[in-house]
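Participant: Here's my sequence, what's the structure:
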Amino acid sequence: MKKTNKNTSIQMVFGMCICGSIGTFIGASLGNSAMGSSMGLLVGMVIGFLIGTTEDKKVNNQIKEKGYTIKDIKKNEQNGEFIITIVNRLGEKNVVNVPKEQMEEENFSKDDVVYLDEDGMLEQAYDKED
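Facilitator: You can find the predicted model right below:
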C-alpha cells in the first residue's frame, strides 16, 4: 500500500517558518541572529516532523482500513457546491458536499484516493504529483 507523507512535508515547512522567525527574534535580542535563526529552523523542522508524522499515521490507517475512493462527482448548480460520492473497500457509499473553493484547491477527480479529516471534510490522500 502506498503511504502518504503529505502532512509531514506541510508541517515541517510550517514549523520552520514559525520557529525560524522566533529563533531570529531571540537570536537578535541576544546578539547572534544567525545562530538564533539556525536553531529556530532546526527546532521547527523537528516539531513539524513529529506533528506531521502523527497526522500521516492517522491518514494511512484510515486509508488502510477504509480505503475511500471517489466514484462520482456532480456539481450542484443551485449553490455551486460539488456532491462527491466516495466508496470504501467494503463497497459502502458515502456522499460528501465539497465547497467550490475546496474543489478548486484539491482538484478532486474520479478514482482519487481520499480520506475524511477530523471535521468530516474530504481531503486528497496523496499529492497530485505523486
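Participant: how deep is residue 108 tucked in, by neighbour count?
Facilitator: Using other Cβ atoms under 10 Å, residue 108 is surrounded by 20 other residues. For every residue, glycine as well, the C-beta is placed using N, CA and C.
Participant: and if you look at residue 60?
Facilitator: For residue 60, using other Cβ under 10 Å, the count is 18.
Participant: my guess is it contacts residue 6, does it?
Facilitator: No. Residue 60 is beyond contact range of residue 6, at 10.4 Å (criterion: Cβ atoms under 8 Å).
Participant: Sort out which residues of the strand or helix carrying residue 52 are buried, please.
Facilitator: In this assignment (DSSP states H and E), residue 52 forms part of helix 33-65. For helix 33-65, burial by neighbour count (16 or more other Cβ atoms under 10 Å) applies to 33, 36-37, 39-41, 43-45, 47-49, 51-52, 55-56, 59-60, 62-63.
Participant: chain center to it: distance?
Facilitator: 12 Å (Cα atoms, centre = their mean, to the nearest Å).
Participant: And for stretch 101-110?
Facilitator: The answer for stretch 101-110 is 13 Å, by Cα atoms, centre = their mean.
Participant: For this structure, just list every one of the strands.
Facilitator: Per DSSP state E, the chain carries strands over the ranges 69-75, 82-87, 93-98, 114-116, 122-124.
Participant: need those in CSV with mean neighbour count, mean pLDDT and distance to residue 29, can you?
Facilitator: Shown next, in CSV, are the strands of the chain (neighbours: other Cβ atoms under 10 Å; pLDDT from 0 to 100; distance: least, Cβ to Cβ, whole Å):
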stretch, mean neighbour count, mean pLDDT, distance to residue 29
strand 69-75, 14, 92, 51
strand 82-87, 18, 93, 49
strand 93-98, 14, 90, 46
strand 114-116, 19, 88, 43
strand 122-124, 19, 86, 39
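Participant: Just send those strands back as TSV, with distance to residue 13 too.
Facilitator: Output for the strands of the chain, formatted as TSV (distance: least, Cβ to Cβ, whole Å):
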stretch	distance to residue 13
strand 69-75	27
strand 82-87	28
strand 93-98	25
strand 114-116	21
strand 122-124	17
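Participant: of these, which approaches residue 15 most closely?
Facilitator: strand 122-124 (19.8 Å; Cβ to Cβ).
Participant: Fine, thanks again, bye for now.
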